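Chemist: Next comes the sequence, and after it the predicted model I'd like to discuss.
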Amino acid sequence: MAPPAARLLVLDAALKRAHVGVIAGEQVLAAREGAPETGLADLLPVWAADCLAEAGQPAAGLDGVAVTIGPGSFTGLRASLALAQGISLAAGIPVHGVTVGEAMAAMLPDLARKLWVVTAARRGRVFLERDGVAAAFDDADLPSP
């Protein structure tokens, strides 16, 4: 008999489009997403509460909170990490940090080569995550694969 699927609240606000959801294993029980111009810090808790209610899942009954830890938007990361920590403390459940690269790699399980993930940063720079390490580069200084 297979163990029950982990039930997680998922928070991702590292990039322009933010996502919140409740999952059980690979099944999405509830989800919200959007790219608000302002007010993301106010919107994330509302989305989380809505998803928990829609999934019929109190936070204390979850196995944890998964949250993207970057690289990405400072404001989005700060808001989602603070929310994850608050829910974790209140519900007595662990927080699991996931990099943007790890999340992308999970979507490509059969990839037979190393994955480099590039995301836009401010001031004409980009973040490059490779081999579990992220660094910021100017476009002209981006290394060749």
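Modeler: That came through fine. If you're wondering where the values come from, they're calculated on a predicted model, not measured in any experiment.
Chemist: Around A106, count how many other residues there are.
Modeler: A total of 9 residues lie near A106 under the criterion other Cβ atoms under 10 Å. Yep, even glycine has a C-beta here, placed from its N, CA and C like the rest.
Chemist: Helices of this protein, start to end?
Modeler: 40-55, 74-91, 100-106 (DSSP state H).
Chemist: got JSON lines for those, with distance to Q27 and mean pLDDT too?
Modeler: Below are the helices of the chain laid out as JSON lines (distance: least, Cβ to Cβ, whole Å; pLDDT from 0 to 100):
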{"stretch": "helix 40-55", "distance to Q27": "10", "mean pLDDT": "97"}
{"stretch": "helix 74-91", "distance to Q27": "20", "mean pLDDT": "96"}
{"stretch": "helix 100-106", "distance to Q27": "15", "mean pLDDT": "90"}
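Chemist: so what's the residue nearest to G92 when sequence neighbours are not counted up against?
Modeler: Of all residues not flanking G92 in the chain, A60 sits nearest, at 6.7 Å (Cβ to Cβ, 6 or more residues apart in numbering). Going by Cβ atoms under 8 Å, 6 or more residues apart in numbering, A60 touches A91, G92, I93.
Chemist: ok, of those residues, which come out buried?
Modeler: A91, I93 (16 or more other Cβ atoms under 10 Å).
Chemist: Isn't V126 up against T119?
Modeler: Yes - between V126 and T119 there is a contact under Cβ atoms under 8 Å: 6.7 Å.
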